[in-house]
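Engineer: return a 3D structure for these sequence lines:
(2 chains)
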Amino acid sequence: KAGVTQTPRYLIKTRGQQVTLSCSPISGHRSVSWYQQTPGQGLQFLFEYFSETQRNKGNFPGRFSGRQFSNSRSEMNVSTLELGDSALYLCASSLAGVNEQFFGPGTRLTVL
Amino acid sequence: GENVEQHPSTLSVQEGDSAVIKCTYSDSASNYFPWYKQELGKGPQLIIDIRSNVGEKKDQRIAVTLNKTAKHFSLHITETQPEDSAVYFCAAGGGSYIPTFGRGTSLIVHP
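Structural biologist: Purely as a prediction, here's the structure:
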């Protein structure tokens, strides 16, 4: 069974731009969560989507948004990029009603 | 909300030694405690997990123990090998809420 895939793997943007990251969960997984990982803050939860609805949300500004499609694929968008948004963005999927999360390899975003 | 503390932040051992990483949590409602291993350039990989109705769980060279009363849980790796070198994260969660992660432990196994 294929694992969680994320595209692109690497991205370089400049301040003020916006970016869209994509995540394809493991087949059959309907829950997709997004995390931001930085050396200083560790793994910070952004939001979780289940059946196209945002079910949980972390403490991030409104510049961070996401959505989920009917095939469970998910995208997250960051608008008006800031230098501090440079991070590894991780997506994790899980079966409905099950706690185990499986992570993708991440998208490394660099904001210049 | 949940708060997870993880220690140590760095752990250096000789090949063949044991390694222990400890975590504490604050929310007594947490009932699911996973451990992840993250190698350079990769996403975290679930290596073992434990639920609050179990005190200990083993899988070959790794084991996890849970003390619900004290709200702490630990990861034990025996007979460490160089390929065990990675960053290890604990997390606490369960029910309908997303796990909260510890800050990570960088394990270095010297050959």
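
Engineer: quick one: contacts for the residue of chain A found nearest chain B?
Structural biologist: Residue nearest to chain B within chain A (CB to the nearest CB): residue A:103, separated by 3.7 Å. C-beta: built from backbone N, CA, C; applies to glycine. Residues in contact with residue A:103 (CB atoms under 8 Å, 6 or more residues apart in numbering or on different chains) are A:4, A:90, A:91, A:92, B:36, B:43, B:44, B:45, B:46.

Engineer: which of the three states applies to residue B:91?
Structural biologist: Of the three states, residue B:91 takes strand under DSSP: H, G, I helix; E, B strand; the rest coil.

Engineer: who does it bridge with?
Structural biologist: Here residue B:91 sits in beta bridges with residue B:101, as judged by DSSP bridges.

Engineer: who are the contact partners of it?
Structural biologist: B:4, B:33, B:34, B:35, B:36, B:99, B:100, B:101, B:102.

Engineer: endpoints of stretch A:76-94, how far apart?
Structural biologist: End-to-end span of stretch A:76-94 (CA to CA, to the nearest Å): 17 Å.

Engineer: quick one: name the residues of chain B near chain A.
Structural biologist: B:32, B:34, B:36, B:41-46, B:49, B:89, B:93-94, B:96-104 (CB under 8 Å from any CB of the partner chain).

Engineer: where does pLDDT dip in the chain?
Structural biologist: In the absence of a named chain, this looks at chain A. Residues of chain A that meet the criterion pLDDT under 70 lie in A:1, A:97-98.

Engineer: not what I meant, chain B
Structural biologist: B:95-97.

Engineer: contacting residues for residue A:10?
Structural biologist: So residue A:10 contacts A:107, A:108, A:110 (CB under 8 Å, 6+ apart).

Engineer: test my guess that the second one contacts residue A:13.
Structural biologist: No - counting by CB atoms under 8 Å, residue A:108 does not reach residue A:13; the two are 11.5 Å apart.

Engineer: tell me which element whichever residue of chain B sits closest to chain A is part of?
Structural biologist: Closest contact between chain B and chain A, by CB to the nearest CB, is at residue B:43 (3.7 Å). If you go by DSSP states H and E, residue B:43 is not part of any helix or strand.

Engineer: mind listing what's buried along stretch A:56-68?
Structural biologist: Residues of stretch A:56-68 classed as buried by neighbour count (16 or more other CB atoms under 10 Å in any protein chain shown): A:60, A:64, A:65, A:66, A:68.

Engineer: swap in stretch B:44-56?
Structural biologist: Buried residues in stretch B:44-56 (16+ other CB under 10 Å): B:44, B:47, B:48, B:49, B:50, B:52.

Engineer: same check, this time on stretch A:78-90
Structural biologist: So, applying 16+ other CB under 10 Å, buried residues of stretch A:78-90: A:78, A:81, A:85, A:86, A:87, A:88, A:89, A:90.

Engineer: check contacts around the last one.
Structural biologist: Each residue near residue A:90 by CB under 8 Å, 6+ apart is listed here: A:6, A:34, A:35, A:36, A:37, A:43, A:103, A:104, A:106, B:43, B:44.
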